[in-house]
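A.B. asks: Only the shape, not the letters, is given here:
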């Protein structure tokens, strides 16, 4: 079963640099540091054969296993390898048994046949450990922090490497974005060490070795599920010949991923895959992510981007559908879509413009003033939106529905938006009428002067002059009148 979350693309602003560094580090270890391992193991095995170490060590290992309560099955397996002449696999099995090697070094595995054996064994160990994979791979029943860390960057083959790095790329992009570079690296390393610790606990007493980044990557899987939680995400799944691209809460993936690893751990023991490390990594990653969430260290803005994008897409779709209804004069259906949208998005001008159209097409237009006010109040995001608001104002005046129900401050704000869209004369007329009607409005003279200066700078001298004359006449004793007269004198 394959489940891969695919709901974000890398961006320049939030590129997953640590993920890329980890990918390059794993590739460097495999293609450069591990590239000569086969030759190094060959030299070590040739020395092992030349010194005839198997003549004494193989029987010693059999006897050592036979004396242990848990060694019968492993003894049979080792005997089959030795008797069949599969010396390399037999040596690997012996070398991966950390407890036997410790007893051998301490003289607890029987006396060697001659005094030179210890020197030959030491030289073989040197040659054997010259292989990076052998020196750093994890050995069961041995707690070695260096191996626990080093094994996270080793791989057993090109297929193993590519599979891990693809998952690292997909998950690293998402988890690094949610945590930031430093916290992501800490979770990756701690998750890998935690998965290794649980794998050792599960396999304690066994002989064998393990390597690969899959434990740390499994920790990213667990962390991903918890960090996104109930947020809906898009992911691709494939099971034998059935596959699909669906959307569901991220937390739903946790039982599927963890359950798949546990099922294989219990019933697919001969697969030679570290299902124990995978399951342990998922659990450790999920627990680490729970801690991150409890401390509020996650980047909520990044996590919420999908929901925001989906909400925007849903809003665009609802708006387009409402416009279709308006085009067919299905006003009730259009309102059913637009009113909830306007309530959810108080700063969005477009649903309010559409609601104005609805009010305009209704018989006797009972809601036109309310709709016009709602469309004119939001601050426009750009020049195009300001022009649309001006069109609503002009249409309302043309409809003869009376004076707009705007406060003086709202009227001033509306007038100040118009000069940049080439409607300076209309702005001057609106403010002139307000001076005539409510001359005591706070800030009105200063607003008139500001608009007049703007109009003058834009070459609309007549409108600026008209507005300045009104200020000078309405406030003859004030300082604003003096400023207006100075500007008029400068324009003369």
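C.D. replies: Alright, I've got the coordinates. Please read all numbers here as calculations on a predicted model, not as lab measurements.

A.B. asks: wait, doesn't residue 30 sit right on residue 159?
C.D. replies: No: counting by C-beta atoms under 8 Å, residue 30 sits too far from residue 159 to count as a contact (11.4 Å). For the C-beta atoms, the positions are set from N, CA and C on the backbone; glycine is no exception.

A.B. asks: Now for residue 62: which residues touch it?
C.D. replies: Going by C-beta atoms under 8 Å, 6 or more residues apart in numbering, residue 62 touches 75, 78-79, 82.

A.B. asks: Any chance of a PyMOL selection covering the buried ones in those?
C.D. replies: Here is the PyMOL command that picks out the buried ones among these, judged by 16 or more other C-beta atoms under 10 Å:
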select buried, resi 75+78+79+82
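
A.B. asks: quick one: which of the contacts of residue 62 is nearest to residue 249?
C.D. replies: Residue 249 has its nearest neighbour among these in residue 78, at 48.4 Å by C-beta to C-beta.

A.B. asks: Excluding residues flanking it in the chain, which one is nearest that closest one?
C.D. replies: Distance criterion C-beta to C-beta, 6 or more residues apart in numbering; nearest residue to residue 78, sequence neighbours excluded, is residue 93 at 5.6 Å.

A.B. asks: One more: residue 302?
C.D. replies: Excluding the flanking residues, the one nearest residue 302 by C-beta to C-beta, 6+ apart is residue 177, at 4.9 Å.

A.B. asks: The helix or strand hosting residue 337: what's the following helix or strand?
C.D. replies: Using DSSP states H and E, residue 337 sits in helix 331-344. With elements assigned by DSSP H and E, the helix or strand that comes after helix 331-344 is helix 349-361.

A.B. asks: what's the angle from that next one to helix 331-344?
C.D. replies: Helix 349-361 and helix 331-344 are oriented at 150 degrees to each other (axes from the mean of the first three to the mean of the last three C-alpha atoms, to 10 degrees).

A.B. asks: Which strands or helices does helix 349-361 pack on?
C.D. replies: With contacts taken as 3 or more C-beta pairs under 8 Å, 6 or more residues apart in numbering; DSSP states H and E, helix 349-361 sits against helix 305-327, helix 331-344, helix 368-376, helix 383-399.

A.B. asks: among those helices, which is the most enclosed?
C.D. replies: The highest mean neighbour count among the helices and strands packed on helix 349-361, using mean count of other C-beta atoms under 10 Å, belongs to helix 368-376: a mean of 21.

A.B. asks: hmm, back to that, can you name the residues that contact the residue nearest to residue 78?
C.D. replies: Taking C-beta under 8 Å, 6+ apart, we find residue 93 in contact with 74, 77-78, 81, 207-208.

A.B. asks: where's it relative to residue 100, distance?
C.D. replies: If you measure residue 93 against residue 100 using C-beta to C-beta, to the nearest Å, the figure is 10 Å.

A.B. asks: sorry, back to before: want to try TSV for the helices and strands packed on helix 349-361, with mean pLDDT and distance to residue 86 as columns?
C.D. replies: Shown next, in TSV, are those (pLDDT from 0 to 100; distance: least, C-beta to C-beta, whole Å):
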stretch	mean pLDDT	distance to residue 86
helix 305-327	92	52
helix 331-344	95	69
helix 368-376	94	83
helix 383-399	93	77
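
A.B. asks: Would you format those as JSON lines with distance to residue 481 included?
C.D. replies: Shown next, in JSON lines, are these (distance: least, C-beta to C-beta, whole Å):
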{"stretch": "helix 305-327", "distance to residue 481": "48"}
{"stretch": "helix 331-344", "distance to residue 481": "42"}
{"stretch": "helix 368-376", "distance to residue 481": "30"}
{"stretch": "helix 383-399", "distance to residue 481": "29"}
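
A.B. asks: who has more neighbours, residue 30 and residue 159?
C.D. replies: residue 30 (24 against 9; other C-beta atoms under 10 Å).

A.B. asks: Pull up the gap between residue 321 and residue 332, please.
C.D. replies: With distances taken as C-beta to C-beta, residue 321 is found 13 Å from residue 332.

A.B. asks: wait, I meant residue 173
C.D. replies: Remark: distance between residue 173 and residue 332 (C-beta to C-beta) = 46 Å.

A.B. asks: what do you get for residue 56?
C.D. replies: Residue 56 sits 94 Å away from residue 332, going by C-beta to C-beta.

A.B. asks: Secondary structure class of the most centrally placed residue in the chain, three-state.
C.D. replies: Residue closest to the average C-alpha location in the chain (C-alpha atoms, centre = their mean): residue 174, at 2.9 Å. Here residue 174 is recorded as helix under DSSP: H, G, I helix; E, B strand; the rest coil.

A.B. asks: Was I right to think it contacts residue 5?
C.D. replies: Yes: using C-beta under 8 Å, residue 174 is in contact with residue 5, at 6.2 Å.

A.B. asks: what touches both of those two?
C.D. replies: Taking C-beta under 8 Å, 6+ apart as the contact rule, residue 174 and residue 5 both touch residue 224.

A.B. asks: Okay, now the unreliable bits of the protein?
C.D. replies: Counting by pLDDT under 70, the chain has low-confidence residues at 1, 270-271.

A.B. asks: now with 80?
C.D. replies: When residues are selected by pLDDT under 80, those of the chain lie in 1-2, 70, 110-115, 205-207, 238-243, 245, 269-272, 401-403, 478, 492.

A.B. asks: returning to that earlier point: which residues are in contact with both of residue 93 and residue 100?
C.D. replies: Jointly contacting residue 93 and residue 100 under the rule C-beta under 8 Å, 6+ apart are residue 207.

A.B. asks: residue boundaries of the strands in the stretch 51-200 of the chain?
C.D. replies: Taking DSSP state E, counting those that start in this stretch, the strands of the stretch 51-200 of the chain run over residues 138-139.

A.B. asks: can you give me the helices for it?
C.D. replies: Along the stretch 51-200 of the chain, counting by DSSP state H, counting those that start in this stretch, helices occupy 54-66, 72-83, 87-95, 98-106, 117-129, 132-136, 145-150, 158-179, 181-203.

A.B. asks: Tell me which of these approaches residue 470 most closely.
C.D. replies: Nearest of the helices of the stretch 51-200 of the chain (C-beta to C-beta): helix 158-179, 56.6 Å.

A.B. asks: Need the phi and psi values for residue 347.
C.D. replies: Phi and psi for residue 347, reported as degrees, to the nearest 10, are phi -100, psi 0.

A.B. asks: What distance do you get for the nearest residue to it once chain neighbours are set aside to residue 362?
C.D. replies: Ranked by C-beta to C-beta, 6+ apart and with sequence neighbours excluded, the top spatial neighbour of residue 347 is residue 378, at 5.8 Å. To residue 362, residue 378 is 22 Å away according to C-beta to C-beta.
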